[in-house]
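[1] here is the input, now give the coordinates:
(4 chains, ligands or ions: 2)
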Amino acid sequence: METLLEKIALHQDYIYIVVLMIFLGIEVIGRVPSVLHTPLMSGANAIHGVVIIGAIIVMGKADPSNYLALGLGFLAVILGTLNVVGGFVVTDRMLEMFRHKQK
Amino acid sequence: METLLEKIALHQDYIYIVVLMIFLGIEVIGRVPSVLHTPLMSGANAIHGVVIIGAIIVMGKADPSNYLALGLGFLAVILGTLNVVGGFVVTDRMLEMFRHKQK
Amino acid sequence: MLLTVIYLLASVSFILGLKMLSNPASARKGNLIAAAGMGLAILGTIFLYEESDGTRLGNYGWIFGGLIIGTIIGTLAAKKVKMTAMPEMVSLFNGMGGACAALISITEFNHLAETLHQPHDVQLGEIFPASAAYSAWVGKSIVILAGLIIGSVSFSGSVIAWGKLNGKIHDFAFKGQHLINGLLFLVLLGLAGWIAGVYENANTTVFYVLLILSLLYGVFFVLPIGGADMPVVISLLNSFTGVAAACGGFLYNNKAMLTGGILVGAAGTLLTILMCKAMNRSLLNVLIGSFGGHAGGVAAAKSQGNYKEITLSDTAILLTYAHKVMIVPGYGLAVAQAQHACHELEKLLTEKGVEVRYAIHPVAGRMPGHMNVLLAEADVDYDQLLEMEAANEQFSTTDVVLVLGANDVVNPAAKTDPASPIYGMPILEVELAKNCIVNKRSMKPGYAGIENELFFQPKTSMLFGDAKKVLESISTEIKNL
Amino acid sequence: MLLTVIYLLASVSFILGLKMLSNPASARKGNLIAAAGMGLAILGTIFLYEESDGTRLGNYGWIFGGLIIGTIIGTLAAKKVKMTAMPEMVSLFNGMGGACAALISITEFNHLAETLHQPHDVQLGEIFPASAAYSAWVGKSIVILAGLIIGSVSFSGSVIAWGKLNGKIHDFAFKGQHLINGLLFLVLLGLAGWIAGVYENANTTVFYVLLILSLLYGVFFVLPIGGADMPVVISLLNSFTGVAAACGGFLYNNKAMLTGGILVGAAGTLLTILMCKAMNRSLLNVLIGSFGGHAGGVAAAKSQGNYKEITLSDTAILLTYAHKVMIVPGYGLAVAQAQHACHELEKLLTEKGVEVRYAIHPVAGRMPGHMNVLLAEADVDYDQLLEMEAANEQFSTTDVVLVLGANDVVNPAAKTDPASPIYGMPILEVELAKNCIVNKRSMKPGYAGIENELFFQPKTSMLFGDAKKVLESISTEIKNL
Ligand SMILES: NC(=O)c1ccc[n+]([C@@H]2O[C@H](COP(=O)([O-])OP(=O)(O)OC[C@H]3O[C@@H](n4cnc5c(N)ncnc54)[C@H](OP(=O)(O)O)[C@@H]3O)[C@@H](O)[C@H]2O)c1
Ligand SMILES: NC(=O)c1ccc[n+]([C@@H]2O[C@H](COP(=O)([O-])OP(=O)(O)OC[C@H]3O[C@@H](n4cnc5c(N)ncnc54)[C@H](OP(=O)(O)O)[C@@H]3O)[C@@H](O)[C@H]2O)c1
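    Ligands and ions are numbered 1, 2, ... in the order given. Sure thing, here's the model as predicted:
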């Protein structure tokens, strides 16, 4: 118990950021019309592609002689990029189709 | 410039919390009906009474022989309490009046 | 440790509370949740707070004394205050919060000045910029000074707003006032920068000068703004106090103060803007005081010919034989405390088969929602209240409009006269109805201090007298018909 | 230093972007803003990232190689994909993100295991709980394992969802499957707890077992859920990947990953719930698969008597002489790519003085908003689209309803038959109209695999044929009238 509280106190900034972010995530899309569900899902999908940053770090830190790490990192970068680029492009395509007549 | 960036990096958790909090503050009351403007203002007023925590700390840390500090701290505690208690009670009274017939 | 969790809970309760406050169904619960979080934070601070060296707080007697005194006065004041005076009360409470923040800054600055001046030898070696001590000093003093300035402005501004709302202080403006305010603001910034930037200047004299100038600035900031705009000003000062509280959060590394303060700062700013929008004005326009600035002036005396009076019994007959009656309540109804008499009349008419509705203008009365609150107190059915837009659509099919102590909110000058100080404000278009009966005590102007053309129009009849008495008499007449 | 600011900007861009995405007017700009923030964060990481000891990243060749390959494939895939296949595509991209998170966890765990096993002497002294090294180990390994499990589940689950949507994988459920899933989940937790809790277990074998079981769990999690519910499942897996990305944020103390991940985690969860609500179901109900589970089953063959057919020319006459026509588009319209033909017919009728509207069901088609997108592509005026509630109010005053390739969304069983798998879903109540013409190619059921009583009702006439051809023929007939 004591150590748990200590941990919480130590990482309180993180905990605050996480809690506030959860509130924000919920608030921000609180009243999305159902027509936008698919593009919103797709846009959110692109945003979690931010995991690419981790992949870049893994790749950049990998020992150039450690082929396993290099290979895994390389794959991770590709997959992460797919998530990001594909996600944003496909969302844009979806939204473009809405635009036409919608004032 | 360099030192400013350093400062930002040093206090990044704070900055994140502040920025997220600003977003939240704006999001949370985004679509309040104008009937509720006064109670909401009053409720927000009560919440910033959280400054009372600072007053309590000042008071509790004051050297018992330093009458200036004691006096100022005491006044601060009273004023802060007024803000908090008065704020919440008056808000509750306002809202009570709305309740009656409003389903 | 445990305190961290308590503060986290308090922060969450503030967010949830504010969120629930912005929805009619959950508002009251939201207020209670925020209050519970606050109580928890206060108790937690008293019993669990530790300095970094592990010492606990002392002076429990003083602390509890202050809390008890504050609680008693605060509760009494909040419970006793008349409903119409509530915005004034909120303004006062807001001022208290600002003052509290300023007092904290004063004490902490004195403390800082002392510790700086005592071990003088140590200081001498570290006086130069780029030392760690110097940078700590800059950070700490900026936060303290910001808390001082914002808190003081909020305090003195709120007191002026309070005085204006209850009529003790009158609008006051002179040419070039905005210039002087601007200069004063620059001086404040300059002084604060000087204190914070130069290490030796933990100089209490300059500090107190800054305090006094900040208080003055608050006074000058609010004075030129018209009394009618005080709710907006209070909301703005409210968000100032939030920021001042957040400064305390930085100072004590206290997340509850920080989050609570910033939350109110941001929400309050948005609320201020929303309130301006409800009056169809911009915040800048309010602050420069172009509308309110005129409010205290002499009424533009362009006498508009004659007005017609109507007797109580004629009014009673007109109302009874109407198909549809629209009641427009205003500030006068609240002053006369005539809401119950009004509800009586409405029930009587409904029994006779007349369709009765209330047309609620968003800024009728002296605070947003004033009329809703007032009529709810008299148990008027919520379904009978029409908002401005809905009401304006129905006036053309209305037989009789009964204006009860309202004036500015039915003034057609807002639509027709670009020179009028209320030009552009959306109004209730009562001229569209077949008949319009206006009840007030005299031909005196309302809040904005301007004549009302409506009273001189052929469709309009005046029914002078105190709203409560008039309404009761009409009810008696109708019963006797 | 500068990187911190960049990450902050990225976080803000994600929040703003998501906010704007939830409003039709700003959605596209929101997407671009989030994308710009992401680009900034990626470039910033590549060029500015420093380890705590100041070393920069290496292997630029590999990094840029990966980025370029990913960009090319991603752009091509996203640009080439057919509109109806977009949800599948999103599912795949989501799976990529999950896999990326899992790969990061694998590499970091290997790294951790190596450093733990190398300086063995140092470790021996610190093996006991309560040492700083132990507690660092627990923290780090929990984050790594959480990233591994969540990322893998999201990956394999997304692939299954993708397969279901494009028809490659069929629904598959057996008795007790939920029990097995529950057990598997507990095993995952147990293994992870064991690795994290026992210091010596930086054991790569157990770690890989955990990886495989996680992948399996993802498969079993999605398999029993009906294909019709895949959009909901994808949204849920989307929020899983968000949490996996946030784990990376903890691992690298990276705020952009942390905030972006949590944001998507929270928003995705809410979105999942909102999507369920649009189908009038609970999330639990979807996950247990009671609806979708039946979808693949054999159509309940209670033959409902006879149906009536109508000729093309009769249809043309009926439409031309109607006052008000309501078009109900469905999945079949999209398959036939008949949106342009449909718009032609609508213009033709409007010229003849017929009032034409479209009734849009929220889950018509294969993705939310599918019909809106489809009709917008054919330049149909936005004002002519009615949402479900608005449309249902107007059917009773409608002369002819033209159902084009829709089936489940007009199935009255959803209202009348509690045993039906779609019972409770709100539908378009086309029975209220005077006439109902249904165009499809056969009497085969739609997505949910069930019969549709509507086709056998006296007011209903069937018009068999491919939607596009049928619409074009009707237009020709009308022109020749
Ligand atoms: N709602 C807000 O948030 C808010 C806040 C501050 C200011 N304001 C301003 O207040 C004004 C509100 O307009 P309003 O039409 O409600 O009020 P008003 O324009 O102030 O007019 C009130 C009228 O009531 C009459 N009255 C006073 N006591 C009365 C009594 N006992 N019986 C009958 N009549 C009585 C007065 O005329 P006699 O003296 O001739 O009787 C006066 O003309 C606007 O200018 C608005 O901008 C609004
Ligand atoms: N919107 C979403 O988010 C989403 C996602 C996944 C699943 N779903 C589910 O999908 C269903 C949507 O309902 P719906 O009414 O749009 O579609 P539906 O129930 O799947 O029915 C589509 C009908 O179109 C006909 N059709 C197919 N190709 C055609 C063509 N070329 N020309 C004319 N008709 C054609 C088919 O009948 P024939 O074969 O006889 O021609 C079929 O009965 C719901 O069950 C919903 O739950 C929705």
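[2] heading C-terminal from the one helix or strand in chain C whose mean pLDDT sits lowest, find the next helix or strand.
    For chain C, the helix or strand with the lowest mean confidence is helix C:290-295, at a mean of 44 (criterion: mean pLDDT, DSSP states H and E). Later in the chain than helix C:290-295, the nearest helix or strand by DSSP states H and E is helix C:312-320.
[3] helices or strands up against that following helix?
    Contacts defined by 3 or more C-beta pairs under 8 Å, 6 or more residues apart in numbering or on different chains; DSSP states H and E place helix C:312-320 against helix C:339-351, strand C:400-404, strand C:435-440, strand C:460-464, helix C:467-480. C-betas here are computed from N, CA, C, even on glycine.
[4] biggest helix in the chain, by residue count?
    If you meant another chain, say so; for now it's chain A. Across chain A, the longest stretch assigned as helix under DSSP state H is helix A:12-28.
[5] can you look at chain C instead?
    helix C:132-165.
[6] and it with chain D, contact?
    No: when contact is scored as C-beta under 8 Å from any C-beta of the partner chain, no part of helix C:132-165 falls within range of chain D; the minimum is 15.2 Å.
[7] quick one: is the longest helix of chain A near chain B?
    Yes: for a cut-off given as C-beta under 8 Å from any C-beta, helix A:12-28 has contacts with chain B, namely A:13, A:14, A:16, A:17, A:20, A:21, A:23, A:24, A:27, A:28.
[8] and of those residues, the nearest to ligand 2?
    Within the residues of helix A:12-28 next to chain B, distances to ligand 2 taken as C-beta to the nearest ligand atom reach their minimum at residue A:28, with 21.9 Å.
[9] that closest one: what's it in contact with?
    B:27, D:15, D:18, D:19, D:22, D:263, D:267 (C-beta atoms under 8 Å, 6 or more residues apart in numbering or on different chains).
[10] mind putting those in CSV, neighbour count, distance to chain A and pLDDT included?
    Below are the contacts of residue A:28 laid out as CSV (neighbours: other C-beta atoms under 10 Å in any protein chain shown; distance: C-beta to the nearest C-beta, whole Å; pLDDT from 0 to 100):
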residue, neighbour count, distance to chain A, pLDDT
B:27, 22, 4, 91
D:15, 27, 6, 96
D:18, 26, 5, 94
D:19, 24, 5, 93
D:22, 22, 4, 89
D:263, 30, 5, 96
D:267, 35, 4, 95
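[11] how about residue 59, what does it touch?
    By default, I'm working from chain A. If you count contacts by C-beta under 8 Å, 6+ apart, then residue A:59 has A:70, A:73, A:74, A:76, A:77, D:57, D:59, D:62, D:63, D:66 around it.
[12] meant chain C actually
    Applying C-beta under 8 Å, 6+ apart, we find residue C:59 in contact with B:59, B:60, B:62, B:64, B:70, B:73.
[13] taking those, please make a PyMOL selection of just the buried ones.
    Typed into PyMOL, the line below selects the buried ones among those, using 16 or more other C-beta atoms under 10 Å in any protein chain shown:
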select buried, chain B and resi 59+60+62+70+73
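[14] in strands only, show me the contacts of residue C:59.
    Using DSSP state E, no member of the contacts of residue C:59 sits in strands.
[15] can you redo the contacts of residue C:59 as TSV with distance to residue D:383 and pLDDT?
    Shown next, in TSV, are the contacts of residue C:59 (distance: C-beta to C-beta, whole Å; pLDDT from 0 to 100):
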residue	distance to residue D:383	pLDDT
B:59	64	93
B:60	65	93
B:62	69	90
B:64	75	88
B:70	71	93
B:73	65	94
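[16] and the contacts of residue C:59, which is closest to chain A?
    Taking C-beta to the nearest C-beta as the measure, residue B:60 is the one of those closest to chain A, at 19.7 Å.
[17] find the nearest non-adjacent residue to the closest one, please.
    Distances taken as C-beta to C-beta, 6 or more residues apart in numbering or on different chains put residue C:57 closest to residue B:60, at 2.6 Å, once the chain neighbours are dropped.
[18] neighbours of the one you found, how many?
    Per other C-beta atoms under 10 Å in any protein chain shown, the neighbour tally for residue C:57 reads 20.
[19] list the contacts of it.
    When the contact criterion is C-beta under 8 Å, 6+ apart, the partners of residue C:57 are B:56, B:57, B:59, B:60, B:61, C:45, C:46, C:49, C:63.
[20] and it, what pLDDT?
    As summarised for this prediction, residue C:57 has a pLDDT of 89.
[21] for chain A, what is the nearest residue in the stretch 51-200 of chain C?
    The shortest separation between the stretch 51-200 of chain C and chain A is 12.3 Å, found at residue C:52 (distances taken as C-beta to the nearest C-beta).
[22] next, that residue: phi, psi?
    Residue C:52 has phi and psi values of phi -60, psi -30 when expressed as degrees, to the nearest 10.
[23] mind checking how far it is from chain D?
    Distance, residue C:52 to chain D, by C-beta to the nearest C-beta, to the nearest Å: 20 Å.
[24] number of residues surrounding that residue?
    Counted with other C-beta under 10 Å, residue C:52 comes out at 6.
[25] same check on residue C:457?
    Neighbourhood size, residue C:457 [other C-beta under 10 Å]: 17.
[26] wait, it sits on residue C:432?
    No: Residue C:457 lies out of contact with residue C:432 (C-beta atoms under 8 Å); the separation is 11.5 Å.
[27] quick one on the thing from earlier: can you put the contacts of residue A:59 in a markdown table and add distance to residue D:308?
    Rendered in a markdown table, the data for the contacts of residue A:59 read as follows (distance: C-beta to C-beta, whole Å):
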| residue | distance to residue D:308 |
| --- | --- |
| A:70 | 69 |
| A:73 | 65 |
| A:74 | 63 |
| A:76 | 60 |
| A:77 | 61 |
| D:57 | 71 |
| D:59 | 71 |
| D:62 | 67 |
| D:63 | 66 |
| D:66 | 61 |
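[28] tell me the domain ranges of chain A?
    Using automatic domain parsing, the domain ranges for chain A come out as A:1-31, A:35-103.
[29] what's the pLDDT at residue 8?
    No chain specified, so I'll use chain A. We have a pLDDT of 78 for residue A:8.
[30] meant chain C, my bad for not saying
    Model confidence at residue C:8 (pLDDT) stands at 95.
[31] distance of it relative to chain D?
    For residue C:8, the distance to chain D under the criterion C-beta to the nearest C-beta works out to 16 Å.
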